[in-house]
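Q: Sequence and computational prediction follow.
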Amino acid sequence: MRLQRWCLVIAVVVAVVLPFLPLLLWSVSERWFYPALLPNSFGPRAWNYVFGTAGSQILDGLWASFSIAAATTVISLALGIPAGRALGLNEFRGKRFIALLLTLPVIVPPLSVSMGLHLWFIRLDLAETFTGIVLIHLTFCLPYTIFVIWSVFTDYDPEYEEQARSLGASPLTVAVQVMMPMILPGITVAALFSFLLSWSQYLSTLIIGGGNFLTLPILLFSLMGSGDRPVAAAVSLIFILPALLALIGSAYSLGRSGLKGVR
């Protein structure tokens, strides 16, 4: 049994790490020509460029991406939790129509959504603003958050809240000490979805931001177009790192929640 577990762990590690191996090799390569299996020569030129010449620009893009993704995640949870609760605990006329409306931003291509909303954002003075970028990201992130929270509340038992209220707990205490711990795994998954979706947005940020907000995906796409693969690979690794840390943190949180549930 232990051997099978170790084999599974090794298989997961290989499956996760192997796709990033070419990026790592490109980031430390000086020359790499076909048909060589490994780089013809190694060197730190790409990383010297990332931490030297373009260091401040990459840090600015990293901060812009993180601040937008964090704001999008917080607002998405603030709106998605009550909406998911209402949809998960109640049956009412028009519920299927609301579900259809929520799926439209996911089904429709992001280019069509961004271009369609761009005109409205210009009229509302939201174009080329931080608020406008967060709102366009919410268009894609909020449906996922609502659907995840909706599925959590489908199996949620509100009688626990009624018992707490019968013992004199206030609505705030019920929400914080009863509801939130019970739906914490769902909140973790919804937050992860929202953060990763916002973190990786390129087209919508470029259209609504008008090029005034240099996020890491925009910087990465410009480097990929330049043909400098070592530098693009180094920036790609930096771009992946925060998302990977968020994934590891959420997995750790879900694991602890699962252990608490077993106990």
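A: Thanks, I have it.

Q: ranges for the helices of the stretch 151-263 of the chain?
A: Assignment of helices within the stretch 151-263 of the chain using DSSP state H, counting those that start in this stretch yields the ranges 159-166, 171-174, 180-182, 184-199, 203-209, 216-226, 229-262.

Q: pLDDT (mean, whole number) over the shortest one?
A: This predicted structure assigns helix 180-182 an average pLDDT of 89.

Q: for the helices of the stretch 151-263 of the chain, which one sits closest to residue 49?
A: Among the helices of the stretch 151-263 of the chain, helix 229-262 comes nearest to residue 49, with 5.4 Å by Cβ to Cβ. Heads up, the C-betas are built off the backbone N, CA and C, glycines and all.

Q: And residue 111, how far from residue 10?
A: In this view, residue 111 and residue 10 are 41 Å apart by Cβ to Cβ, to the nearest Å.

Q: With adjacent residues omitted, what lies nearest to the residue nearest to the spatial centre of the chain?
A: Against the mean C-alpha coordinate of the chain, by Cα atoms, centre = their mean, the closest residue is residue 196 at 1.3 Å. Spatial nearest neighbour of residue 196, chain neighbours left out: residue 243 (5.6 Å); criterion: Cβ to Cβ, 6 or more residues apart in numbering.

Q: Over to residue 54?
A: residue 231 (7.8 Å).

Q: Can you give me the pLDDT of the one you found?
A: So residue 231 comes in at 86 (pLDDT).

Q: For it, give me its contacts.
A: 46, 49-50, 54, 223 (Cβ atoms under 8 Å, 6 or more residues apart in numbering).

Q: measure the nearest residue to residue 214 once chain neighbours are set aside to residue 236 for me?
A: Computed as Cβ to Cβ, 6+ apart, the closest residue to residue 214 that is not its neighbour in sequence is residue 61, at 5.1 Å. Taking Cβ to Cβ as the measure, residue 61 falls 13 Å from residue 236.
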